[in-house]
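Peer 1: here is the input, now give the coordinates:
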Amino acid sequence: MPEYLDFLILFGVGIAAGVINVMAGGGSSLTLPALIFLGLDSAAANGTNRVGILIQSLFATLSFRKEKILQSYVRAVVRQAISEAQGLLNEGKFYKAQQVVETAHQTINVHRATVGEELSGQYETRLEQLIGQITRGRARWLGSWEGRGAWKL
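Peer 2: Down below sits the predicted model:
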């Protein structure tokens, strides 16, 4: 087979695999067999395929960062945590409320570099206020039980 035909096949398969990867993933199911068909052994075809996946992942990461998708994600996690924790607090489920807030704190810490210090600080301030409410609510609840003698030994 002429060499230019190999390039045309690879180019066409690469475009199709890229479209599939953008839509749903799994473009390697086209590129790997094409590379093997064109004469590469399976290990070399797999390694060559991984280079393409690495480059595509790099550009996808840059695109996500550019569009601030992670910032939107963190904002949604924090808002959800605040809403859920306040509902749990109203029900007297202090431990679960605290777990929800701690999970949101972890999300902020994981994505701090992308979200930025200023926005992370704002989110953490709001979550710390909520932890304060949880602590005060728990203290009031325990105090009401102590007044009834339930905690006396």
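
Peer 1: by contact count, what packs against the longest helix along the chain?
Peer 2: For the chain, the helix reaching the highest residue count under DSSP state H is reported as helix 117-147. Judged by 3 or more C-beta pairs under 8 Å, 6 or more residues apart in numbering; DSSP states H and E, helix 117-147 is in contact with helix 69-90, helix 94-110. From N, CA and C alone the C-beta is placed, and that goes for glycine too.

Peer 1: next, the angle from the shortest one to helix 117-147.
Peer 2: I take that to be helix 94-110. On the basis of axes from the mean of the first three to the mean of the last three C-alpha atoms, to 10 degrees, helix 94-110 is oriented at 170 degrees to helix 117-147.

Peer 1: go on, the first one?
Peer 2: In terms of direction (the same axes, to 10 degrees), helix 69-90 departs from helix 117-147 by 10 degrees.

Peer 1: give me the contact list for helix 69-90.
Peer 2: Identification of contacts with helix 69-90 by C-beta atoms under 8 Å, 6 or more residues apart in numbering yields 64, 94, 96-98, 100-101, 103-104, 107-108, 111, 114-116, 119, 123, 126-127, 130, 133-134, 137.

Peer 1: return the members of those classed as buried.
Peer 2: Taking 16 or more other C-beta atoms under 10 Å as the criterion, what is buried in the contacts of helix 69-90 is 94, 96-98, 100-101, 104, 107-108, 111, 114-115, 119, 123, 127, 130, 134, 137.

Peer 1: residue contacts, Gln133?
Peer 2: The contact partners of Gln133, taken as C-beta under 8 Å, 6+ apart, are 86, 89.

Peer 1: again, only this time at 10 Å
Peer 2: Gln133 sits next to 85-86, 89, 94, 97, 101 when contact means C-beta atoms under 10 Å, 6 or more residues apart in numbering.

Peer 1: and these, which two are the farthest apart?
Peer 2: Of all pairs drawn from the contacts of Gln133, the widest gap by C-beta to C-beta lies between Gln86 and Phe94 and measures 11.9 Å.

Peer 1: give me the common contacts of these two.
Peer 2: Common neighbours of Gln86 and Phe94 (C-beta under 10 Å, 6+ apart) are 133-134.

Peer 1: if we can go back for a sec, need the helices and strands packed on helix 117-147 in JSON lines (columns: mean pLDDT and distance to Gly25).
Peer 2: As requested, the helices and strands packed on helix 117-147 are exported to JSON lines (pLDDT from 0 to 100; distance: least, C-beta to C-beta, whole Å):
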{"stretch": "helix 69-90", "mean pLDDT": "89", "distance to Gly25": "17"}
{"stretch": "helix 94-110", "mean pLDDT": "92", "distance to Gly25": "23"}
